[in-house]
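# Need coordinates for the following:
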Amino acid sequence: MINTEKISITQKEELLFEGERLDDLHRNGYKIIQNPEKFCFGMDAVLLSGFAKIKPEESTLDMGTGTGIIPILLAGKTKGKHFTGLEIQEESADMARRSVLYNDLQDRIEIVKGDIKETSKIFGGGSFDVVTCNPPYMNNQHGLVNPTMPKAIARHEILCSLEDVIREAAKVLKPNGRFYMVHRPHRLVEIFSIMRQYKLEPKRMKLVHPYADKEPNMVLIEGLRGGNPMITIEAPLVVYREVNVYTDEIYDIYGY
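Numbering: from 1, shown residues only. Alright, predicted model coming up:
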């Protein structure tokens, strides 16, 4: 049973623990609890929340939700009915739950502790209209593993692989359900191959460039469960107009 009772200002103050900070999300007055010594959300999560399309009355699952940034942003940006965040690390899941309470979103967001590899066992097949994921980008062939375990789990495929993410997303999506993911362009061939293996047809793609004259370093992807072959390549997103100055589109996505 989800507790929908709002909490007092005093109770909100008690939700912040030692070493944690409260960051403003610039959406509906929402804030998020984070510990900079562990792991803080990045631009990729914010861009994914701007790329995903959630319709009224739809239910959404965010796989590997971390501190709950994507469900909270989507609750602020869309009219989606309900959002569930799945997170394997108890410390992150606990921060996410406290952020949900802080923002009085317990009637729209639920945080569940669990393993991405067990997603379909936890929720059952065909349970969600939409699945989002900002997964670890690096496998054992890419980059040095961060010595801090929460950061390592978030960035490297230590506890789950790309195939685990896509397979489980496909299982828990309803027919014609949508999958949204942010990843790295150098793995696009692998991403599309695995998506089609599990009947998630790539339908939209947007490349993200740090500067207009630089190669893309992120890609946003939408897949449709059981969709027909045809993909729309959207206009690229450029992050910086000049050093430390965002483009207008980035300011809009962030809500500044």
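# partners of the spatially closest residue to Gly19 that is not a sequence neighbour in the sheet?
Leaving out its chain neighbours, the residue that sits closest to Gly19 by CB to CB, 6 or more residues apart in numbering is Asn35, at 5.4 Å. Quick note: C-beta positions are derived from backbone N, CA and C, even for glycine. Judged by DSSP bridges, the bridge partners of Asn35 are Phe39.
# Tell me which residues touch Asn35, please.
Residues in contact with Asn35, defined by CB atoms under 8 Å, 6 or more residues apart in numbering, are 19-21, 91, 95.
# tally of neighbours for the nearest residue to Tyr198 once chain neighbours are set aside?
Once flanking residues are discounted, Tyr198 sits nearest to Ala170: 4.0 Å by CB to CB, 6+ apart. Using other CB atoms under 10 Å as the criterion, Ala170 is surrounded by 22 other residues.
# which element is Ala170 on?
helix 162-172 (DSSP states H and E).
# from the contacts of Asn35, which single one is nearest Tyr240?
Arg21 (25.0 Å; CB to CB).
# What does the closest one show for phi and psi?
With angles defined as degrees, to the nearest 10, Arg21 sits at phi -130, psi 160.
# can you count the residues close to the nearest residue to it once chain neighbours are set aside?
Closest residue to Arg21 apart from its sequence neighbours, by CB to CB, 6+ apart: Gln34 at 5.9 Å. A total of 21 residues lie near Gln34 under the criterion other CB under 10 Å.
# try Glu90
Count around Glu90 with other CB under 10 Å applied: 9.
# Grab the nearest non-local neighbour of it.
Here the residue nearest Glu90, using CB to CB, 6+ apart, is Lys113, at 5.9 Å.
# Surely Glu222 is within a helix?
No. Judged by DSSP: H, G, I helix; E, B strand; the rest coil, Glu222 forms no part of a helix; its state is strand.
# measure it to Asp44 for me?
15 Å (CB to CB, to the nearest Å).
# Could I get the buried residue list for the helix of greatest length in the chain?
For the chain, the helix with the greatest residue count under DSSP state H is helix 90-102. Using 16 or more other CB atoms under 10 Å as the test for burial, helix 90-102 gives 92-102.
# and what of stretch 197-205?
198, 200-205.
# repeat for stretch 21-37
So for stretch 21-37, counting by 16+ other CB under 10 Å, buried means 23, 25, 27, 30-35.
# Quickly note the distance from Leu207 to Val239.
11 Å.
# now the helices for the stretch 51-200 of the chain?
69-77, 90-102, 119-123, 149-155, 162-172, 188-197 (DSSP state H, counting those that start in this stretch).
# send the alpha carbons of the longest one over as PDB?
Extracted C-alpha coordinates of helix 90-102, given in PDB (Å, rounded to 0.1, in the frame of the first residue of the first chain):
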ATOM      1  CA  GLU A  90      19.700   0.300  -1.100                       C
ATOM      2  CA  GLU A  91      21.400   3.500  -0.200                       C
ATOM      3  CA  SER A  92      20.400   5.100  -3.500                       C
ATOM      4  CA  ALA A  93      16.900   3.600  -3.300                       C
ATOM      5  CA  ASP A  94      16.500   5.100   0.200                       C
ATOM      6  CA  MET A  95      17.600   8.600  -1.000                       C
ATOM      7  CA  ALA A  96      15.100   8.300  -3.900                       C
ATOM      8  CA  ARG A  97      12.200   7.400  -1.500                       C
ATOM      9  CA  ARG A  98      13.100  10.400   0.700                       C
ATOM     10  CA  SER A  99      13.100  12.700  -2.300                       C
ATOM     11  CA  VAL A 100       9.700  11.400  -3.300                       C
ATOM     12  CA  LEU A 101       8.400  12.200   0.200                       C
ATOM     13  CA  TYR A 102      10.100  15.600   0.200                       C
END
